[in-house]
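>>> Model the following, please.
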Amino acid sequence: MRFPSPGVTIQFDLDASAAARQRRKAMAEAAAKGYLVAAAHISFPGIGRVLSDGKGFDWVPVNHSIAGLKPQTP
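Okay, here's the model as predicted:
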């Protein structure tokens, strides 16, 4: 997944300029520091990292596995 325009705003932003700046800053910091990010509106697993790619960012989901999990018995 790609975030080509991290400074995009929506109608509900009370201060669109400040919101755009904050989004760009948060994405840049997460990419620079390698933060693990949880996002509510991204497909499973919804946890990953962002990588800087020029003007935008790429989303890299964490690897996940159900190996080793045992089914629950009633």
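>>> And what about Ala30, helix, strand or coil?
helix (DSSP: H, G, I helix; E, B strand; the rest coil).
>>> Wait, it touches Gly48, no?
No - the pair Ala30 / Gly48 is not scored as a contact, 10.0 Å apart, by C-beta atoms under 8 Å. C-betas here are computed from N, CA, C, even on glycine.
>>> so what sits against both of those two?
Residues touching both Ala30 and Gly48 (C-beta atoms under 8 Å, 6 or more residues apart in numbering): Val37.
>>> The worst-scoring helix or strand of the chain on mean pLDDT packs against which elements?
Here the helix or strand of the chain ranked lowest by mean pLDDT, DSSP states H and E is strand 2-3, holding a mean of 86. The contact analysis (3 or more C-beta pairs under 8 Å, 6 or more residues apart in numbering; DSSP states H and E) places strand 2-3 against strand 56-61.
>>> Flag the shaky bits of the protein, pLDDT-wise.
Scanning the chain for pLDDT under 70 picks out 66-74.
>>> again, only using 50
For the chain, applying pLDDT under 50 flags no range at all.
>>> need the strands for it, in chain order.
Applying DSSP state E to the chain gives strands spanning 2-3, 37-38, 47-53, 56-61.
>>> Listing partners with orientation, what would you give for the longest one?
Partner strands for strand 47-53, per DSSP bridges, with pairing direction: strand 37-38 (antiparallel), strand 56-61 (antiparallel).
>>> And for that strand, what's in contact with it?
2-3, 27-28, 30-32, 34-39, 42, 57-62.
>>> Now a ChimeraX select for only the buried ones of these.
Applied in ChimeraX, the following selects the buried portion of the contacts of strand 47-53 according to 16 or more other C-beta atoms under 10 Å:
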select :3,27,30,31,37,57,58
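>>> Distance check, the closest residue to His64 other than its chain neighbours against Ser17.
Of all residues not flanking His64 in the chain, Pro45 sits nearest, at 4.9 Å (C-beta to C-beta, 6 or more residues apart in numbering). Using C-beta to C-beta, to the nearest Å, Pro45 is found at 33 Å from Ser17.
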